[in-house]
Each structure stands twice: as C-alpha cells, then as structure tokens.
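A.B. asks: Here's my sequence, what's the structure:
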Amino acid sequence: MQIRQAAIENIDAVMKLVRRVVPLMRAIGNSQWDDNYPNAEVFARDIELNQLWLAEIDNQIAGVAAITTDQEPEYALVGWDTSKKAVVVHRLAVDPIFRRKGIAVALMKQAEIVAVELGTQILRVDTNTQNEATQKLLSRLEYRPAGEISLGFRPGLRFCCYEKQLP
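C.D. replies: This is a model prediction of the structure:
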C-alpha cells in the first residue's frame, strides 16, 4: 500500500470510489453522503489545498481522506478551542473491494504524520451518528468522543465529534 497526495487527474477515480461507497452507506441507514456531497468540486478544492490523500494498492485508489486544519465553527459546541491548531480528517472513504486491508487505519495514521509535521498534537474528526464503522475505527485508534453537533452545511444530520491527543 502506498499513501500519497492526490492530483487533479485523480478526481474521476475518487468520484468512482464515492459512487461505490454511497449506496452501501445508504443500505445501512447512514445518510452522511449523498448524490450531492461530497462532489468533484469539494475534492478539487482539497487537491488545490494539498490536503487530499490517497491510499493505493496495485496502482488502484483504495481509499481517500481529506487531512486538513479546517475546523468547523460548530466544534466549539463540544468544548473544543478551535483557535488551537488541529489536524482534522474529513471525507474518509475506503473502496468496498479493498475493505478489511487496513486502508482507513493507514489514512488515519497519515493524519498523525501530518499533525507532527505541522507541529500540533491535536487530531479531530466528526462522523455521522449513523456511521458505526467509523465510530468503531476511531475508538480502536484511541480517539475520545467529545459530543454531538449539527453542521450547517449538512442540515438534518447529527455528527459525533472525536479527538485524539498525540504524546
């Protein structure tokens, strides 16, 4: 497995991955993603900001994650000081044909590497309350739950917030 930053020519492959993931999310009652979000424009912005990471196996995109310092204003509602620099993982997805190969763990470990490079010890993630798989992953990776919020750009959904402090 190789972890690398995405390039603009990867958007079509990333969108194909998203189109394979969304129906599986819906099938288990997770409406975090849909036909409108995330979209190619969101991923293009991630690439432009050098914050979209890919996991590849045999030259195929197996997973994707935006590893950013962008904190939602609503994070303050769980008591987080959003004026402190933190690395935040958004848009984490693993292609269904590559599940159970450590892809999500590898991308989350990349977030830790980015945090160290940026000089912060704080990692944050939010995930839909219906996304049990990601919640279990975060627990295994020693992220602590911090509370629930709503996000203005995803009306009607609730999100669990998690944080990890690096040593």
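A.B. asks: all helices in the protein, in order from the N-terminus.
C.D. replies: When assigned using DSSP state H, the helices of the chain occupy the ranges 11-27, 40-48, 103-118, 132-140.
A.B. asks: Contact partners for residue 154?
C.D. replies: For residue 154, the residues meeting the contact criterion (C-beta atoms under 8 Å, 6 or more residues apart in numbering) are 32, 37. (Glycine included, C-beta is placed from N, CA and C.)
A.B. asks: What distance do you get for it to residue 128?
C.D. replies: Taking C-beta to C-beta, to the nearest Å as the measure, residue 154 and residue 128 are separated by 8 Å.
A.B. asks: returning to that earlier point: tell me which of the helices of the chain sits most buried.
C.D. replies: For the helices of the chain, the largest average neighbour count (mean count of other C-beta atoms under 10 Å) is found in helix 103-118, namely a mean of 18.
A.B. asks: Could I get the buried residue list for stretch 72-83?
C.D. replies: Burial within stretch 72-83, assessed by neighbour count using 16 or more other C-beta atoms under 10 Å, is assigned to 72, 74-75, 78, 80.
A.B. asks: follow-up on the earlier one: turn the helices of the chain into JSON lines, including mean pLDDT and distance to residue 94.
C.D. replies: Converted to JSON lines, the helices of the chain look like this (pLDDT from 0 to 100; distance: least, C-beta to C-beta, whole Å):
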{"stretch": "helix 11-27", "mean pLDDT": "94", "distance to residue 94": "8"}
{"stretch": "helix 40-48", "mean pLDDT": "97", "distance to residue 94": "16"}
{"stretch": "helix 103-118", "mean pLDDT": "98", "distance to residue 94": "4"}
{"stretch": "helix 132-140", "mean pLDDT": "94", "distance to residue 94": "9"}
